[in-house]
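A.B. asks: structure for the following, please:
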Amino acid sequence: MTVRPGGRIRLRAGSRPALPPGPPPSVVDGRRRGAELIGSWRAALRIARREARRARGRTGLVLAMITLPVLASTFLAASYDMSELTRDERTARQLGVADAKLNWAGDFPVVQDEWGEDWFPRDKEALTAGVPPTTEVVTRLLGPGSRAAEVRGWTPVGLRVDGRRNSFIGRALDLSDPLARGAARLPQGRAPVAAGEIAANRAALRDLHARLGDTVLGADGGSYRVVGVVEFPDDLGPLIALHPSAVPPPDPGSTETSWLVDLPKTMDAGLVQRLNERGFVVIRHTGAEEHPFLRAWPGAGTADMSALGTGVLISGLGLLEVVLLVGPAFAVGVRRRRRDLALVAVAGGDAAQLRRVVLADGVVLGLLGAAAGLLLGVATAFAARPLVEQYVFGARFGGYRCWPVALVAVGGVAVLAGVLAALAPAWTAARQDVVAGLAGRRTPPRGHGRWLALGSALTAGGSMIAAFGATQNRTWVILIGLILGELGLVFCTPTLIGLLARLGRALPLAPRIALRDASRNRASAAPAISAVMAAVAASVALGTYLASDSARDARNFQPGVPSGTAQLFWTEQDGRPPPLTEVASAARAHLAADIVAPMDFPGCDPAHRPAETCSVEPVLPPDQVCPWRPGDGLSVEQRRLARADPRCQLSGPGFDSEYVQVLVDDGTALPVLTRASAEQTATATAVLRAGGAVVTDPRYLHRGSVAVAVDRTLQTEGTQPAARTVSVLTGYALPDAVGPTRLLLSSAAATRLGLTWYTRSWAIPVPDAPDEEQQQRLAEALRPYGEFVLDVNRGRPSSKDPLLLLLVAAAGMITVGAAGIATGLAAAEGRADLSILAAVGASPQVRRMLALCQAGVIAGLGSLLGIVAGLGTAVIILSSRNRQYADTWPIQDPYPIVVPWTALGVLVVVPLVAMLGAGLFTRSRLPIERRLD
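C.D. replies: Okay, the predicted model is just below:
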């Protein structure tokens with residue numbers, strides 16, 4: 001470089017001027033693009049905020065649909081987090097003011113964790129129940145200066161309420177002792193100090209119909225005076241607090257005894273070890289810190305990933321439903337703003353910027369809905385905490401918490417729902433004709449074959465995935481298939497609407513306009529129809545599965561006694577049962593029953609060998625024994641042979657240990673229990689009186705004889721040798737008997753086998769099913785002999801499931817809501833068309849009929865598609881399960897395909913309700929609007 005006079009610089013060939021150092025061009029371009037992106041989003045968010053304030057009706061509708069699920073999810077998350085106690089809260093609730101709590105496990109050494117929440121016996125071969133020690137023994141073990149208060153955690157208390165005996169759960173502890181009072185709270189009254197005094201919580205007082213100071217009668221004839229109102233924070237159900245002197249000493253083997261202890265010094269590891277050696281599990285404060293706010297899943301160290309995945313997928317279905325319901329509002333908003341969006345395009349905005357303007361609506365409304373839902377949900381959870389504690393969880397919560405991780409996830413899902421709902425309208429807005437938008441004309445929708453192809457592929461793929469999940473019995477795979485299938489149907493819905501609109505030429509005016517509007521406004525009509533379809537499809541699919549499962553259970557139902565027969569159980573373990581004459585008299589007086597058949601069960605004769613137990617069962621003849629057993633690990637060919645073998649046709653997982661009810665009878669109970677014909681009953685009775693045996697399964701009868709095996713087990717220290725004897729008795733088979741498989745032994749045959757028998761229940765044919773009052777009167781009549789329970793066989797269980805009704809109700813609400821939203825949006829957007837109708841002389845009833853038809857298109861088409869999709873899904877899942885059962889052995893009963901006609905009838909009526917509501921709430925007067933140019 002040469003400097004010439006005058007200050008001019010002459011550059012030589014190959015030289016260049018020196019430039020100041022700076023960033024490379026790629027960095028500059030990146031910064032510029034980032035700044036432009038930020039500026040574009042800021043402008044889009046500002047426009048979205050302004051539009052939300054201008055269109056307040058549509059904004060409120062979208063906010064309500066986003067806020068409500070967020071509120072419900074936040075309420076559940078906060079309530080669940082508050083209900084899950086931390087380790088410190090659990091320990092403090094058990095100890096109160098005590099230094100430690102000792103739980104009696106048994107007379108054997110135990111090994112426990114640091115906090116006493118988990119323990120196991122050190123030597124599993126030397127488990128002995130033993131008798132719980134006394135409080136004095138516990139105090140001596142703890143050392144000088146220690147004190148212990150005994151607590152009995154579960155004690156049955158029988159009290160009379162309105163003349164009837166009710167059972168309550170009682171806790172025996174001295175509430176006047178500060179150690180025990182720390183584990184409970186006495187808001188009213190005082191602590192019981194004698195055997196005849198009790199303290200009850202509010203739930204127990206409601207059940208007793210008593211107040212503080214009243215006297216209640218005991219089931220044994222005594223009485224108790226209510227001297228206090230107590231509350232145990234771990235159980236808000238009916239509880240009675242007794243004084244320790246009111247309960248007898250614990251039985252051997254009881255583990256319901258514990259002690260709250262006060263120590264002069266800190267409990268060290270050596271003392272814990274000595275107590276573990278004596279069979280005590282020690283719960284104490286360890287001082288280990290825990291940070292509950294860092295937990296991703298309250299109450300669980302490792303989350304159940306299967307349950308978590310299922311919950312995520314179910315939440316995904318709910319998210320899809322919200323997106324489909326909110327989508328029409330965004331679509332209508334885009335059409336009403338098409339002139340504004342066209343102006344943005346004229347001013348230089350590209351397709352990406354137009355998409356951002358519409359997506360910003362979803363971001364703004366999603367953020368507002370999430371914030372409102374989170375605040376309202378947390379506030380509702382905190383305000384409703386006492387009610388949720390009392391009526392849902394039945395226990396006091398640990399503290400006010402709100403599970404921040406879950407709230408962040410719920411808020412993020414709400415924003416995602418808003419963005420996804422605005423995604424399709426944003427894509428449509430970016431592709432609109434600018435000239436048509438400036439002129440206010442609508443761009444006619446164009447059918448795209450690729451969306452139909454994509455939807456068909458997703459529907460087919462989702463069906464196959466759901467079928468595969470059904471064969472593998474994996475719920476999350478089935479849910480993935482359902483989600484994909486519903487997405488495929490959503491993509492197919494616009495094309496289907498376009499096809500149906502062609503049929504409107506043959507319809508009257510109102511339905512023709514409704515179909516035309518649905519076809520022209522597919523961006524708003526298709527999501528609403530898809531939302532109805534998704535809700536109805538899920539309801540019908542799950543309802544069909546539940547109905548089929550209930551029918552399968554009802555088909556396999558085998559009651560212990562025939563239909564129309566009651567079975568009276570004697571629950572006492574010791575003593576003598578009531579005479580047959582007493583039971584028959586009480587049944588005749590209170591049940592109008594003429595026949596009472598005692599059910600005598602065999603057992604070992606205690607006079608022969610008291611420590612011996614017996615089990616009796618019939619033995620199959622060798623030619624009737626299946627050569628394969630379920631646990632043998634059979635090959636495919638062996639399973640096929642087993643399914644074809646007549647000896648292996650029994651179904652169910654308990655094939656290798658089929659239960660046979662064994663009774664001792666002389667023919668009295670036989671006609672009541674088997675419902676056999678008169679001829680068969682007479683022959684079977686003759687065999688029993690001749691000293692034989694009767695079976696209800698003909699496979700056990702071999703050449704007129706029945707082989708009966710008796711297994712005797714001698715209870716000794718550490719060993720239980722068993723001996724089996726098989727005897728052959730004269731037999732008879734009842735092939736037409738109802739009920740489970742039975743073996744009826746005559747008294748002579750039982751004596752020959754070295755057995756005795758005892759009565760534990762009675763079969764009572766009743767003309768009508770007894771109500772609660774009749775059952776109570778029967779139990780009261782037999783009260784001198786102990787406690788009795790009456791079980792009535794009312795036939796096969798009903799296939800009605802309350803969950804099915806809830807599903808139908810939810811689907812109906814979504815159907816009516818979606819139809820109302822779509823109809824209202826269509827009416828708001830079609831005001832110009834209504835004006836034209838009024839101008840050409842249409843009657844005022846046309847608008848009401850038009851709204852009715854618009855609601856019918858949305859609700860009717862969505863329900864129809866949902867019913868077809870739901871039934872198809874259920875058939876695929878049930879057929880896949882049955883195909884899996886076709887190759888298994890033991891044989892599994894297939895699922896029948898049962899259509900819940902009641903639910904389908906309700907879902908068919910729901911669109912009519914939506915149409916009727918649209919017709920009633922629509923104004924008949926047609927407005928005349930002046931066009932503004």
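A.B. asks: can you show me the strands along the stretch 651-800 of the chain?
C.D. replies: With DSSP state E, counting those that start in this stretch as the criterion, the stretch 651-800 of the chain has strands at 661-664, 693-695, 701-702, 705-714, 722-733, 742-745, 755-765, 788-792.
A.B. asks: switch those strands over to a markdown table; also include mean pLDDT and distance to V434.
C.D. replies: C-beta: built from backbone N, CA, C; applies to glycine. Written out in a markdown table, the entries for the strands of the stretch 651-800 of the chain read as follows (pLDDT from 0 to 100; distance: least, CB to CB, whole Å):
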| stretch | mean pLDDT | distance to V434 |
| --- | --- | --- |
| strand 661-664 | 88 | 84 |
| strand 693-695 | 91 | 89 |
| strand 701-702 | 86 | 91 |
| strand 705-714 | 84 | 91 |
| strand 722-733 | 84 | 89 |
| strand 742-745 | 90 | 85 |
| strand 755-765 | 86 | 85 |
| strand 788-792 | 79 | 77 |
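A.B. asks: figure out which of the ones you listed is closest to L239.
C.D. replies: Relative to L239, the nearest member of the strands of the stretch 651-800 of the chain by CB to CB is strand 788-792, separated by 23.1 Å.
A.B. asks: CA atoms of the closest one as PDB?
C.D. replies: Once side chains and other backbone atoms are set aside, the C-alpha atoms of strand 788-792 remain, and they are given as PDB (Å, rounded to 0.1, in the frame of the first residue of the first chain):
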ATOM      1  CA  PHE A 788     -75.400 -65.900  63.100                       C
ATOM      2  CA  VAL A 789     -75.100 -64.600  59.500                       C
ATOM      3  CA  LEU A 790     -77.700 -65.200  56.800                       C
ATOM      4  CA  ASP A 791     -76.600 -65.400  53.200                       C
ATOM      5  CA  VAL A 792     -79.300 -65.400  50.500                       C
END
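A.B. asks: gap between it and the chain center?
C.D. replies: Here strand 788-792 is found 29 Å from its chain centre; the criterion is CA atoms, centre = their mean, to the nearest Å.
A.B. asks: distance of P132 relative to F280?
C.D. replies: In this structure, P132 and F280 are separated by 10 Å, where distance is defined by CB to CB, to the nearest Å.
A.B. asks: name the residues contacting each of those two.
C.D. replies: The overlap between the contact sets of P132 and F280 (CB atoms under 8 Å, 6 or more residues apart in numbering) consists of W104.
A.B. asks: quick revisit: closest one to P627 among the strands of the stretch 651-800 of the chain?
C.D. replies: The nearest among those, by CB to CB, is strand 701-702 at 17.5 Å.
A.B. asks: the closest one - contacts with which helices or strands?
C.D. replies: strand 722-733 (3 or more CB pairs under 8 Å, 6 or more residues apart in numbering; DSSP states H and E).
A.B. asks: strand partners (parallel or antiparallel) of the strand it packs on?
C.D. replies: For strand 722-733, sheet partners with direction are given as strand 693-695 (parallel), strand 705-714 (antiparallel), following DSSP bridges.
A.B. asks: need the ones you listed in CSV with distance to Q774 and mean neighbour count, can you?
C.D. replies: Shown next, in CSV, are the strands paired with strand 722-733 (distance: least, CB to CB, whole Å; neighbours: other CB atoms under 10 Å):
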stretch, distance to Q774, mean neighbour count
strand 693-695, 33, 27
strand 705-714, 39, 18
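A.B. asks: out of the ones you listed, the one nearest V229 is which?
C.D. replies: Between V229 and the strands paired with strand 722-733, the shortest separation by CB to CB is 50.7 Å, and it involves strand 705-714.
A.B. asks: distance from that closest one to the middle of the chain?
C.D. replies: That offset, for strand 705-714, works out to 44 Å (CA atoms, centre = their mean).
A.B. asks: if the residue nearest to L753 when sequence neighbours are not counted is in a bridge, with which residues?
C.D. replies: What sits nearest to L753 in space, not counting adjacent residues and going by CB to CB, 6 or more residues apart in numbering, is V710, at 5.4 Å. When bridges are assigned using DSSP bridges, the partners listed for V710 are V616, T725.
A.B. asks: so V710 touches V619, yeah?
C.D. replies: No. Here V710 does not reach V619: they are 10.5 Å apart, not a contact under CB atoms under 8 Å.
A.B. asks: overlap in contacts of the two?
C.D. replies: Between them, V710 and V619 have V726 as joint contacts when contacts are counted by CB under 8 Å, 6+ apart.
A.B. asks: so what's the residue count around F601?
C.D. replies: Summarising burial for F601: neighbours were counted as other CB atoms under 10 Å, giving 15.
A.B. asks: so it is in which element?
C.D. replies: Here F601, judged by DSSP states H and E, is contained in strand 597-604.
A.B. asks: send over that strand as CSV, restricted to the C-alpha atoms.
C.D. replies: Extracted C-alpha coordinates of strand 597-604, given in CSV (Å, rounded to 0.1, in the frame of the first residue of the first chain):
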residue,chain,number,x,y,z
ALA,A,597,-81.7,-78.8,56.2
PRO,A,598,-78.6,-78.9,58.4
MET,A,599,-75.2,-79.0,56.6
ASP,A,600,-72.9,-81.3,58.6
PHE,A,601,-69.2,-81.1,57.7
PRO,A,602,-66.8,-84.0,58.5
GLY,A,603,-63.7,-83.8,60.7
CYS,A,604,-61.4,-85.9,62.8
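A.B. asks: which one of the strands paired with strand 722-733 lies nearest to S530?
C.D. replies: Across the strands paired with strand 722-733, closest to S530 is strand 693-695 (CB to CB), at 59.8 Å.
A.B. asks: hmm, who's touching the closest one?
C.D. replies: 618, 670, 684, 687-688, 701, 706, 708, 729-734, 741-746, 749.
A.B. asks: what are the buried residues along the lengthiest strand in the chain?
C.D. replies: The single longest strand within the chain, with elements called by DSSP state E, is strand 147-161. Along strand 147-161, the positions that meet the burial threshold by neighbour count (16 or more other CB atoms under 10 Å) are R147, A148, A149, E150, V151, R152, T155, V157, L159, R160.
A.B. asks: once you drop chain neighbours, what's closest to R552?
C.D. replies: Nearest residue to R552, sequence neighbours excluded (CB to CB, 6+ apart): Y895, at 5.5 Å.
A.B. asks: brain fart, C853
C.D. replies: Leaving aside its chain neighbours, C853 sits nearest to A514 (3.8 Å; criterion: CB to CB, 6+ apart).
A.B. asks: same deal with T266?
C.D. replies: Counting by CB to CB, 6+ apart, the nearest residue to T266 once its immediate chain neighbours are dropped is D99, at 7.8 Å.
A.B. asks: still on that earlier bit, around the residue nearest to R552, count how many other residues there are.
C.D. replies: As a burial measure, the neighbour count of Y895 was computed by other CB under 10 Å and equals 20.
A.B. asks: just say helix, strand or coil for it.
C.D. replies: Local secondary structure at Y895 is given as coil here, using DSSP: H, G, I helix; E, B strand; the rest coil.
A.B. asks: try the one 4 residues further on
C.D. replies: Local secondary structure at V899 is given as coil here, using three-state DSSP.
A.B. asks: so L179 versus E150, what's the distance?
C.D. replies: Using CB to CB, L179 is found at 10 Å from E150.
A.B. asks: what do you get for S677?
C.D. replies: Taken as CB to CB, the spacing of S677 relative to E150 amounts to 62 Å.
A.B. asks: repeat that for D177.
C.D. replies: Counting by CB to CB, the gap from D177 to E150 is 10 Å.
A.B. asks: for L673, give me the pLDDT.
C.D. replies: Listed pLDDT for L673 reads 86.
A.B. asks: neighbours of the residue nearest to it when sequence neighbours are not counted, how many?
C.D. replies: Counting by CB to CB, 6+ apart, the nearest residue to L673 once its immediate chain neighbours are dropped is A763, at 5.8 Å. The burial count assigned to A763 is 21, neighbours taken as other CB under 10 Å.
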